[in-house]
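1. One predicted model, sequence on top.
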Amino acid sequence: MMKLRSIFFVLLISTIDITAQNDLSVKSNEDGFSVMAGICYNNWNSEYESLLSKNYSSGFGFQLNAAYGFLQKFNVYAEFQFNKQNASGNYVTTNTAKKINLGFQYFFNGTLNKIRPFLGAGININTSTFDLIDIYFYIDTDNDGNVEEYNGDYVLSGVGLNTRAGIQYFIKPNLGMQFQVSGNFGNYKSNTLNEFDLKTEVDYSEYQGTVSFFYHF
């Protein structure tokens, strides 16, 4: 009986030890290089171009991301986004948006957690091309007093602020999903219509939701 109790005690201690080791195992890794790909839902707005804002519908696109993490708490990221969306009104057929985001993120919790919330901020390099129909710009291109009608590709380019918050869920220590909301805010300082410089500054704000898969090397 005493021997049986001893065996039971050893098995119990072993089970507790294994459970403790499992509880202390690494469940998430933020260090080193990582890559990410996903889909994003984008909404574009501008006070200056209120007519385009009213007739411009939100839509889906894709996102590619590369990052380098350190100290299990921080990373720097480089990101490319592409959206091509149809308009809801009669003034724009499509908007093609290309964005590059460069920035810094901070991760909460630690490596013993599968869920890692994060906050981030950086710069947003933004180019939007609107295919205009039934909107005309009346421009004196030659400064001769004669105003001409212009219609076609309206290209806006500028730099702004990229902000973000989200959650990473680790399926494995190096593999997981990311759920993110983000905002881009800035001004387009280069604005052309059929390559003619309009010499105006246009504000913009964008709101996005993104679902992605990531892998840490």
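-> Perfect, I can see it now.

2. Identify the bridge partners of residue 211.
-> residue 39, residue 179 (DSSP bridges).

3. how many neighbours does it have?
-> 14 (other Cβ atoms under 10 Å). Any C-beta I mention is one placed from the backbone N, CA and C, and that applies to glycine too.

4. shaky segments in this structure?
-> 1-24, 51, 53-57, 86-93, 133-151 (pLDDT under 70).

5. So which residues of it form helices?
-> Remark: helices assigned in the chain by DSSP state H are 2-23, 50-54.

6. which stretches of this structure form strands?
-> Along the chain, counting by DSSP state E, strands occupy 32-45, 59-70, 74-86, 92-107, 115-132, 137-139, 148-150, 153-172, 175-193, 196-197, 202-216.

7. Out of these, which gets nearest to residue 25?
-> Smallest distance to residue 25 across the strands of the chain (Cβ to Cβ): 11.3 Å, for strand 153-172.

8. list the contacts for the residue nearest to residue 166 when sequence neighbours are not counted?
-> In this structure, residue 166 finds its nearest non-sequential neighbour in residue 180, 3.4 Å apart by Cβ to Cβ, 6 or more residues apart in numbering. Going by Cβ atoms under 8 Å, 6 or more residues apart in numbering, residue 180 touches 164-167, 208-212.

9. Please pick the buried ones from those residues.
-> Among the contacts of residue 180, those scoring as buried are 164, 166, 208, 210, 212 (criterion: 16 or more other Cβ atoms under 10 Å).
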